[in-house]
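Novice: predicted model follows, preceded by the sequence.
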Amino acid sequence: MSAPLDAAVITSLALPGLAVAFFHAAIPTHWLPFVLVARARRWSRGKTLAVVAFAGLGHVLVTTALGFLIAWFGFELDARVGKWFPWAAAGILFLLGAVYLWRQAKGGVLHHHVLGGHHHASDHCGHDEGHSHLETEVRDSALVRGDAAAISGLFLMLTLSPCEGFLPIYLSGVRFGWSGFAVLSTILAVGALGGMLVFSWLALIGVERFPTRAFERHEAGILGAVFIALGVIVLIVERG
């Protein structure tokens, strides 16, 4: 039987989930390629943002589908182990948090992006150097050769790289049944799509000096802290 989903619980799920989705969307690979292609193709701001929304929808739907599998597996496990499930879920979140914090301490950057059919790991270069690297990739890819190729390429780029950092968030909502899944999926859509549109729009109007590279460099640490906090929340809700 699923636990009640009141305002306090929704808030405890919403804030960490929204933070993960929004900060993930701030990573340059989630908006800069759209801006660079738009400039090369001479798209209007409206068309560019429409393409961002279209590609972002694929990104969100694939992540939600994976979240559905996690939720379904969690429901089945919860039905079998009963009161022990929150402790197991919290343990998994703590473990994931420790792994991500360790990766941050080792200096690793999580996100990879795909352009021109190749995977490229994000590095620790400066903001302008990172932009130059992406500009080179866009210029050498098929994305600038026609609108159809550009739109489909950008869509596939995001759809084939779901928001892996949000998937453990779904685990924290298992105790709240499908209502919890629906709340988290809505948060994912609002945070990820909203973030991509905001950062794309800022770049299009020329406001490019915001610290998005810092989010990329510290993504593992942010996720690690969020997962540990969620583990604590799961245990607090269970004790309540």
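Specialist: Sure thing, it's come through. Residues are numbered from 1 along each chain as shown.
Novice: what about the nearest residue to Val174 once chain neighbours are set aside, neighbour count?
Specialist: Counting by C-beta to C-beta, 6 or more residues apart in numbering, Val174 lies nearest to Gly74, which is 3.4 Å off, once chain neighbours are set aside. All C-beta spots, glycine's among them, are computed from the backbone N, C-alpha and C. Applying other C-beta atoms under 10 Å, we find 22 other residues in the vicinity of Gly74.
Novice: what do you get for Leu202?
Specialist: 16.
Novice: now it: which helix or strand?
Specialist: helix 177-204 (DSSP states H and E).
Novice: give me the helices and strands touching that helix, please.
Specialist: Packing contacts for helix 177-204, counted by 3 or more C-beta pairs under 8 Å, 6 or more residues apart in numbering; DSSP states H and E, involve helix 7-25, helix 32-41, helix 45-81, helix 167-172.
Novice: just name the most buried of those.
Specialist: helix 167-172 (a mean of 24; mean count of other C-beta atoms under 10 Å).
Novice: distance from the chain centre to stretch 42-53, please.
Specialist: Between the centre of stretch 42-53 and the centre of its chain there are 21 Å (C-alpha atoms, centre = their mean, to the nearest Å).
Novice: report the central residue of the protein.
Specialist: Cys163 (3.7 Å; C-alpha atoms, centre = their mean).
Novice: hang on, isn't that one packed against Ala192?
Specialist: Yes: if you go by C-beta atoms under 8 Å, Cys163 and Ala192 touch, sitting 6.2 Å apart.
Novice: shared neighbours, the two?
Specialist: 21, 24, 59-60, 63 (C-beta atoms under 8 Å, 6 or more residues apart in numbering).
Novice: which residues sit in contact with the residue nearest to the centre of the chain?
Specialist: Taking C-beta under 8 Å, 6+ apart, one finds 20-21, 24, 59-60, 63, 188, 192 in contact with Cys163.
Novice: also Leu101?
Specialist: So Leu101 contacts 220-221, 224-225, 228 (C-beta under 8 Å, 6+ apart).
Novice: now it: which helix or strand?
Specialist: Residue-wise, Leu101 maps onto helix 85-105 under DSSP H and E.
Novice: angle of that helix against helix 45-81?
Specialist: Put simply, helix 85-105 runs at 130 degrees to helix 45-81, going by axes from the mean of the first three to the mean of the last three C-alpha atoms, to 10 degrees.
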